[in-house]
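J.: Generate a structure from the sequence data that follows.
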Amino acid sequence: MRGTSRIRLALVAATAAIFTAGASALPAQAATNPNPISWSIYTTFIGPDGEDAPLREGQKDAGSIDGFGKRHIESGHDGQISSWSNMKADIDSTLDRGKCETKGSKITCKLRSHTFRNIHANAMKVVFTERVDSRSHDHRPVGIITAYYYDCGC
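T.: So this is what the prediction gives:
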């Protein structure tokens, strides 16, 4: 009987190890934003190297899950927007004169300036991608993910 108990104990331990290893090997599922996406283009910008950088209506934030485009800017950075005509001019200046870096599929442009239309702003960041999403059905890039002022009394 003692031998049978050892074998049973070994089988139980091995089974537990397999289930534990299997459970930890499963990838964590990323939370997805439940808000609808509008692929409509609000306006178009030209990136620093001539890239097509549309500002789409996009997707509103859902709690801590960011959206993208105009709806994200409005839901995530709304207190900074004095008007959309001012915001568009400042995005354009940042893409035109800012220092830009590419990391993965995203291009981030930053500009420090005292000439923004938002008189409280000293710096702006614009992030866009040239990645095309087939859900847009227009073969244009997703475009501007976000744009916001920093170092700002906004």
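
J.: Output the below-cut-off pLDDT ranges for this structure.
T.: 1-30 (pLDDT under 70).

J.: Can you show me the helices along this protein?
T.: 2-25, 69-77, 84-97 (DSSP state H).

J.: What is the shortest one packed up against?
T.: When contacts are defined as 3 or more C-beta pairs under 8 Å, 6 or more residues apart in numbering; DSSP states H and E, helix 69-77 packs onto strand 38-46, strand 52-58, strand 141-152. Every C-beta, even on glycine, is put in place using the N, C-alpha and C of the backbone.

J.: now do 10 Å
T.: Of the remaining helices and strands, those touching helix 69-77 by 3 or more C-beta pairs under 10 Å, 6 or more residues apart in numbering; DSSP states H and E are strand 38-46, strand 52-58, helix 84-97, strand 141-152.

J.: Tell me, how many residues neighbour Ser38?
T.: Ser38 has 15 neighbouring residues, counting by other C-beta atoms under 10 Å.

J.: Can you tell me the closest non-neighbouring residue to it?
T.: Spatial nearest neighbour of Ser38, excluding adjacent residues (C-beta to C-beta, 6 or more residues apart in numbering): Glu57 at 3.7 Å.

J.: try Arg117
T.: Asn86 (3.6 Å).

J.: what do you get for Ile81?
T.: Met87 is the one closest to Ile81 (C-beta to C-beta, 6+ apart), at 5.3 Å.

J.: The one you found against Phe45, yeah?
T.: No: counting by C-beta atoms under 10 Å, Met87 stays clear of Phe45, with 11.4 Å between them.

J.: neighbour-wise, which of those two wins?
T.: Legend: neighbour count by other C-beta under 10 Å for Met87 and Phe45, higher for Met87 (25 against 20).

J.: From Asn33, how far off is the more buried one?
T.: Distance, Met87 to Asn33, by C-beta to C-beta, to the nearest Å: 22 Å.
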